[in-house]
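J.: Following is a predicted model, sequence given first.
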Amino acid sequence: MSNESTQRETDHSFGISPEEFVKSFNEKAQLIQTRLRINNLNTNEGPGKDSFQYQFTETLIISGRIDKNNGNLIDVSLIGGNDGTTETAEDILTAASLLISSTQINVSTGFGDDVIKKLGLFDKGEDLSKIDNSTVVNGIKYYVLALPSIGLSFGASVAK
């Protein structure tokens, strides 16, 4: 069992800090040659957990929660609004893939795409306006959820 898996089980975090997540996200974004980057991630202190939120575009926001005890990510999510353009749809899928692959530092950029496929996003006949699927990979639960009148949400949390 890897140190990351053991850490997830004991403290219910990904075993990575927000800074490690951002570094992984941005490095993988550069590899796949997308303009999406997380710059100047500001955290907000909360009573039980700290949090962050970053807006890529008018329709694309990433947020997460941080364990106060160890400074590691507990969960991370992405909301992508649907404005009907191909560019926005591509940004949502690209950011979702990067989010997924960045929760596990030692995976390739293709890992995110593989998880998105497992979520059934590309299944024939899948109604994206009603999608609500999840899958667990390496101790992390990944999900996709339709948000009526908004778009899609992707996220990750430690599987329980």
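T.: Yes, it's here.
J.: The helix of greatest length in the chain: which residues count as buried?
T.: Taking DSSP state H as the criterion, the chain has its longest helix at helix 86-102. Residues 88-89, 91-102 are the ones in helix 86-102 that count as buried (16 or more other Cβ atoms under 10 Å). (C-beta placed from N, C-alpha, C; glycine too.)
J.: Now do it: which elements does it pack against?
T.: helix 18-31, strand 49-57, strand 60-67, strand 73-81, helix 110-118, strand 151-158 (3 or more Cβ pairs under 8 Å, 6 or more residues apart in numbering; DSSP states H and E).
J.: Out of those, which is closest to residue 131?
T.: strand 151-158 (7.3 Å; Cβ to Cβ).
J.: what's the spacing between the residue nearest the centre of the chain and residue 22?
T.: Centroid-nearest residue in the chain, with Cα atoms, centre = their mean: residue 99, separated by 3.3 Å. Distance of residue 99 to residue 22, given as Cβ to Cβ, to the nearest Å: 11 Å.
J.: Read off the pLDDT value for residue 12.
T.: Note on residue 12: pLDDT of 79.
J.: wait, it sits on residue 158?
T.: Yes. Counting by Cβ atoms under 8 Å, residue 158 is a contact partner of residue 12 at 4.8 Å.
J.: can you list residues touching both of these two?
T.: Common neighbours of residue 12 and residue 158 (criterion: Cβ atoms under 8 Å, 6 or more residues apart in numbering): residue 74.
J.: Those two: who's more crowded?
T.: residue 158 (20 against 15; other Cβ atoms under 10 Å).
J.: Verify the contact between the more buried one and residue 139 for me.
T.: Yes. Using Cβ under 8 Å, residue 158 makes contact with residue 139 at a distance of 6.6 Å.
J.: end to end, how far does stretch 68-82 reach?
T.: End-to-end span of stretch 68-82 (Cα to Cα, to the nearest Å): 34 Å.
J.: how about that stretch: buried residues?
T.: For stretch 68-82, burial by neighbour count (16+ other Cβ under 10 Å) applies to 72-82.
J.: could you dump stretch 121-134 to PDB, C-alpha only?
T.: Provided in PDB are the C-alpha atoms of stretch 121-134 (Å, rounded to 0.1, in the frame of the first residue of the first chain):
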ATOM      1  CA  LEU A 121     -19.800  10.800 -19.600                       C
ATOM      2  CA  PHE A 122     -19.300   9.500 -23.100                       C
ATOM      3  CA  ASP A 123     -21.700   6.500 -22.800                       C
ATOM      4  CA  LYS A 124     -24.100   6.200 -25.700                       C
ATOM      5  CA  GLY A 125     -27.500   7.400 -24.600                       C
ATOM      6  CA  GLU A 126     -26.300   9.100 -21.400                       C
ATOM      7  CA  ASP A 127     -28.500  12.200 -20.700                       C
ATOM      8  CA  LEU A 128     -26.000  14.800 -19.500                       C
ATOM      9  CA  SER A 129     -28.800  17.000 -18.200                       C
ATOM     10  CA  LYS A 130     -29.500  14.200 -15.600                       C
ATOM     11  CA  ILE A 131     -26.100  12.600 -15.100                       C
ATOM     12  CA  ASP A 132     -25.300  11.600 -11.500                       C
ATOM     13  CA  ASN A 133     -22.500   9.100 -11.500                       C
ATOM     14  CA  SER A 134     -19.500   8.300  -9.300                       C
END
